[in-house]
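A.B. asks: Okay, here's the prediction I keep looking at, along with the sequence it came from:
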Amino acid sequence: MAEFSNWVRKSISPLKKIRLDWGLVSTELFSASALTKVIQNEFEMSIRDVGDLTPTECRKYWRDLVDRVPTQTVTLQQIAGIVHRSRRSLEKHKQNMPRPLIAGTGRTPATWEWSSIRPWLEETFKCTLPNRCPH
């Protein structure tokens with residue numbers, strides 16, 4: 001894990017803002033823990049496996065993420081605004097919602113891909129939503 005953290009610190013931390021083309025935006029320093037979460041979720045790896053990656057492997061995963069087709073992502077707060085419900089009322093539905101693209105923990109909100117959450121929202125709330133996210 002130390003080698004992984006050092007690579008992240010040297011390669012990414014100097015950037016004050018990082019915007020990945022596939023939708024994740026960070027206005028803070030992009031930390032080793034943030035990159036670990038992204039790699040865990042995107043490549044379905046355990047935290048131990050992510051920690052054992054060499055700097056070369058990290059760069060390979062990073063390039064793969066950046067080269068992906070951009071996706072539209074939304075948080076629970078944004079979804080609530082779109083369907084005219086409170087965030088709290090949507091939290092009651094969270095068990096039935098599709099799996100988020102990025103699982104939220106602590107200060108990081110859960111993030112869903114619009115194309116996967118839209119059909120569920122239309123069915124659950126009996127509404128018609130645009131193909132492209134309104135946010």
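C.D. replies: Perfect, thanks for sending it. Residues are numbered from 1 along each chain as shown.

A.B. asks: Any idea which helix or strand in this protein has the lowest mean pLDDT?
C.D. replies: Ranking every helix and strand in the chain by mean pLDDT, DSSP states H and E puts strand 18-19 at the bottom, with a mean of 39.

A.B. asks: what's the distance between residue 131 and residue 83?
C.D. replies: Counting by CB to CB, to the nearest Å, the gap from residue 131 to residue 83 is 16 Å. All C-beta spots, glycine's among them, are computed from the backbone N, C-alpha and C.

A.B. asks: Repeat that for residue 100.
C.D. replies: Per CB to CB, residue 100 is found 16 Å from residue 83.

A.B. asks: Of these two, give the one with the bigger neighbour count.
C.D. replies: Neighbours were counted for residue 100 and for residue 83 using other CB atoms under 10 Å; residue 100 has more, 20 against 14.

A.B. asks: List the residues that contact that one.
C.D. replies: By CB atoms under 8 Å, 6 or more residues apart in numbering, the contact list for residue 100 reads 110, 111, 112.

A.B. asks: Dump those into JSON lines; add neighbour count and pLDDT as well.
C.D. replies: Supplementary listing: the contacts of residue 100 in JSON lines, determined by neighbours: other CB atoms under 10 Å; pLDDT from 0 to 100:
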{"residue": "110", "neighbour count": "17", "pLDDT": "87"}
{"residue": "111", "neighbour count": "21", "pLDDT": "89"}
{"residue": "112", "neighbour count": "25", "pLDDT": "90"}
